[in-house]
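J.: only geometry, no sequence info:
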């Protein structure tokens, strides 16, 4: 399954959570088309080309594959997310929701809280934390950051997906 489909699946799950919790209706939601990391700012500006107004933006866009150098994550995580946020302000979005990662917390076996010690332990987390800090500097942006411990779905080829396949071959799938 391609990355775009995986991001759509994750977006759909978040959308269902928001609907079930009564935060909004379908007509108030916006799921951006795939941005293929080329000329990021120009690509992001085209998201609003349909002329519609959206109240909420959930930013799920980021490079999630491990093993790249810092320049890749700087462009495909930090620059991409901060550009999305800046564009959201230009379009008077009510709320910008940044999906970060719980990998920004120090790597211990103890449960984490929002006020827990921050010590990113992956390059992705390092740049996600820089995004979180950068959002504070964008004037007029009303935002929320969520830090899921893991994002799992059919597009997960490197993480939990491997374990599900293994567990399925043993006859137990959850």
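T.: All right, it came through fine. Owing to the predicted nature of the structure, the values given are computational and were not obtained by experimental measurement.

J.: check contacts around residue 105.
T.: 112, 116, 117, 118, 119, 147 (CB atoms under 8 Å, 6 or more residues apart in numbering). C-beta: built from backbone N, CA, C; applies to glycine.

J.: Can you tell me how far the nearest residue in space to residue 140 that is not next to it in sequence is from residue 100?
T.: Counting by CB to CB, 6 or more residues apart in numbering, residue 89 is the residue found nearest to residue 140 once chain neighbours are left out, at 4.8 Å. Applying CB to CB, to the nearest Å, the value for residue 89 to residue 100 is 19 Å.

J.: more neighbours, those two?
T.: residue 100 (22 against 15; other CB atoms under 10 Å).

J.: Next, residue 140: phi, psi?
T.: phi 90, psi 0 (degrees, to the nearest 10).

J.: Around it, how many other residues sit close by?
T.: Neighbour tally, residue 140, other CB under 10 Å: 10.

J.: Start the count at 799 instead of 1 going forward.
T.: Done: numbering now begins at 799, and the last item shifts to residue 938.

J.: Surely residue 860 is in contact with residue 880?
T.: No. Judged on CB atoms under 8 Å, residue 860 makes no contact with residue 880 at a distance of 11.5 Å.

J.: my guess is residue 876 meets residue 928, correct?
T.: Yes. Using CB under 8 Å, residue 876 is in contact with residue 928, at 5.1 Å.

J.: quick one on the thing from earlier: flag the least confident of the contacts of residue 903.
T.: Within the set of these, pLDDT is lowest for residue 910 (85).

J.: name the element residue 870 belongs to?
T.: Residue 870 belongs to helix 868-871 when assigned by DSSP states H and E.

J.: immediately after that helix, which helix or strand?
T.: Next along from helix 868-871, by DSSP H and E: helix 878-888.

J.: got the buried residues for stretch 896-915?
T.: Across stretch 896-915, burial judged by 16 or more other CB atoms under 10 Å covers 896, 897, 898, 899, 901, 902, 903.

J.: Just the ones in strands from those residues, please.
T.: With DSSP state E as the criterion, strands contain 896, 897 from among the buried residues of stretch 896-915.
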